[in-house]
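**Student:** I need the structure of the sequence given here:
(one chain, ligands or ions: 1)
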Amino acid sequence: MKRTLVVANWKMNLNTHEASTLLHRLHEYIPAHRDIEVVLAPSTLVLQPLSIEIDRRKFRLAAQNAYHRDSGAFTGEVSYTMLRELVHYAIVGHSERRIYFNETLETIRDKVAAAIRNDIDPILCVGETKQERTDGETKIVIHDQIVTALAHLTSEEISRVVIAYEPVWAISTFGGEVAKPDDIEKVIAQIRHTISELYGATVAEDIRILYGGSVDENSVTTYLAVPGCDGALVGSASLNYRKFAAIVEAAYQQHYTEIIRGDG
Ligand code: 13P
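**Tutor:** Numbers count the residues shown, from 1 in each chain. As a prediction, the model looks like this:
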């Protein structure tokens, strides 16, 4: 059975002091669970200080963004090369980056390749907007996002990628509508089908797929119970240590319920 992955995306919140305080609370409230992997994605600014303070038995770090070139005259940018000693994962293709920073399918493809080249596992976010959903384009949008993003990877490299399905309309800041488990299940199955066509059935089965979009301590169990869902990408609820600790605890309970039932 795969380890459940719970990722906290702190987005552009918390200065160095605030991030350190939250980390200390999380250390207190979250025990180490062997089968649950907990990843924190703070702002780039605080990755370095947090990397010194973090208990690596409990947490791993992720970058929220970086530039796809390794070094050079790119004023203001931070590269994956600079982050390689600090982080295990990098979020790539988040809808806020696609929408607010005009990241294209090709930009995202280059970032996925740069992360892999620098030994960082990408958490590739995909998801349709409300308009695309209304127009019946969910399938094609997600297919294109995946095929382009992974275009430069070999089948060995692909096994290091995590995919997060985050319907834009379900993210708290873009409306936060509640996604139905059935709809999520369909999209996750479709993602595995696309991966299977590209890289074969074994890779498709093994790749971890998360759900993200207004996940909190009350809804997490429902989402983790969706067939094929291997974890959660959490935004606003991850800024509250009680809520995030409850999310991790729920993931733990769910994981062991499934083991006892013999699922997976
Ligand atoms: P919310 O959990 O605030 O909806 O954010 C989801 C998200 O964008 C995580 O990357």
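
**Student:** which residues touch residue 87?
**Tutor:** Residue 87 makes contact with 47, 51, 60-63, 120, according to C-beta atoms under 8 Å, 6 or more residues apart in numbering. Any C-beta I mention is one placed from the backbone N, CA and C, and that applies to glycine too.

**Student:** give me the element it is part of.
**Tutor:** Applying DSSP states H and E as the criterion places residue 87 outside every helix and strand.

**Student:** and what of residue 107?
**Tutor:** Assigned by DSSP H and E, residue 107 belongs to helix 105-117.

**Student:** which residues touch the closest residue to residue 98 other than its chain neighbours?
**Tutor:** Distances taken as C-beta to C-beta, 6 or more residues apart in numbering put residue 108 closest to residue 98, at 7.5 Å, once the chain neighbours are dropped. Residues in contact with residue 108 (C-beta under 8 Å, 6+ apart) are 92-93, 98, 124, 145, 148-149.

**Student:** for residue 125, same thing?
**Tutor:** Applying C-beta under 8 Å, 6+ apart to residue 125 gives the contacts 91-95, 163-164, 166, 212, 233.

**Student:** specify the beta-bridge partners of it.
**Tutor:** When bridges are called by DSSP bridges, residue 125 pairs up with residue 164.

**Student:** avg pLDDT for the helix or strand where residue 131 lies?
**Tutor:** Element membership of residue 131, judged by DSSP H and E, is helix 130-134. Averaged across helix 130-134, pLDDT comes to 96.

**Student:** likewise for stretch 251-258?
**Tutor:** The pLDDT scores in stretch 251-258 average 89.

**Student:** how about that stretch: buried residues?
**Tutor:** Within stretch 251-258, the residues scored as buried using 16 or more other C-beta atoms under 10 Å are 251-252, 254-255.

**Student:** now, which of the residues you listed sits nearest the ligand?
**Tutor:** Within those, the smallest distance to the ligand is 14.7 Å, found for residue 251 (C-beta to the nearest ligand atom).

**Student:** hmm, the closest one is touching residue 36, no?
**Tutor:** Yes - taking C-beta atoms under 8 Å as the definition, residue 251 is a contact partner of residue 36 at 5.3 Å.

**Student:** spatially, and excluding backbone neighbours, which residue is closest to residue 5.
**Tutor:** Distances taken as C-beta to C-beta, 6+ apart put residue 231 closest to residue 5, at 3.5 Å, once the chain neighbours are dropped.

**Student:** mind listing what the one you found touches?
**Tutor:** 4-7, 37, 208, 210-211, 224, 251.

**Student:** do that again at 10 Å, thanks
**Tutor:** 2-7, 36-39, 123, 162, 164, 208-212, 215, 220, 223-224, 251, 255 (C-beta atoms under 10 Å, 6 or more residues apart in numbering).

**Student:** hey, where'd the strands end up in the chain?
**Tutor:** For the chain, applying DSSP state E gives strands covering 4-9, 36-41, 59-63, 89-92, 121-126, 162-165, 208-212, 231-234.

**Student:** in a markdown table, list those along with distance to residue 134.
**Tutor:** As requested, the strands of the chain are exported to a markdown table (distance: least, C-beta to C-beta, whole Å):
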| stretch | distance to residue 134 |
| --- | --- |
| strand 4-9 | 26 |
| strand 36-41 | 30 |
| strand 59-63 | 32 |
| strand 89-92 | 26 |
| strand 121-126 | 18 |
| strand 162-165 | 18 |
| strand 208-212 | 21 |
| strand 231-234 | 24 |
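
**Student:** mind putting those into JSON lines with distance to the ligand?
**Tutor:** Below are the strands of the chain laid out as JSON lines (distance: least, C-beta to the nearest ligand atom, whole Å):
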{"stretch": "strand 4-9", "distance to the ligand": "4"}
{"stretch": "strand 36-41", "distance to the ligand": "8"}
{"stretch": "strand 59-63", "distance to the ligand": "10"}
{"stretch": "strand 89-92", "distance to the ligand": "7"}
{"stretch": "strand 121-126", "distance to the ligand": "7"}
{"stretch": "strand 162-165", "distance to the ligand": "7"}
{"stretch": "strand 208-212", "distance to the ligand": "4"}
{"stretch": "strand 231-234", "distance to the ligand": "5"}
